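S.K.: pasting the sequence and the predicted coordinates here, then a few questions.
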Amino acid sequence: MADADRSERKLSTVLFADLAGSTALADEQDPERTRVRLERFYDAMTAEIEAAGGTIEKFAGDAVMAAFGAPE
């Protein structure tokens, strides 16, 4: 007996957001100020993405990648 096809098509979206100008700014600032700025960015992006039903996939330096419409 053949297995039934249980595949399903879903629309999904991937978001990649980068904090513009942060590399140049980090070169001019104290590392602690840079860390605080990135933490604020991560917190704000996490709140917005989760409120919209998305899932954070990863943070990388001054960027965030998230997915919408895909299983966790």
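M.R.: Cool, got the structure. Numbers count the residues shown, from 1 in each chain.

S.K.: I'd like to know how many residues surround the residue nearest to Ala63 when sequence neighbours are not counted.
M.R.: Excluding the flanking residues, the one nearest Ala63 by CB to CB, 6 or more residues apart in numbering is Asp18, at 4.5 Å. Any C-beta I mention is one placed from the backbone N, CA and C, and that applies to glycine too. The local packing of Asp18 (other CB atoms under 10 Å) involves 14 other residues.

S.K.: so Asp18 touches Asp62, yeah?
M.R.: Yes. Under the criterion of CB atoms under 8 Å, Asp18 makes contact with Asp62 at 6.2 Å.

S.K.: low-confidence bits of the chain, can you list those?
M.R.: Within the chain, the ranges that satisfy pLDDT under 70 run 1-4, 71-72.

S.K.: how close does the residue nearest to Ala63 sit to Ser7?
M.R.: For Asp18, the distance to Ser7 (CB to CB, to the nearest Å) stands at 34 Å.

S.K.: just Leu38 next, same as before
M.R.: As judged by CB to CB, Leu38 and Ser7 stand 39 Å apart.

S.K.: neighbour count winner among those two?
M.R.: A direct count of neighbours by other CB under 10 Å for Leu38 and Ser7 places Leu38 higher, at 16 against 5.

S.K.: so who does the more buried one touch?
M.R.: With contact taken as CB atoms under 8 Å, 6 or more residues apart in numbering, Leu38 is in contact with 19, 22, 62.

S.K.: ditto for Leu25
M.R.: Residues near Leu25 by CB under 8 Å, 6+ apart: 34, 37.
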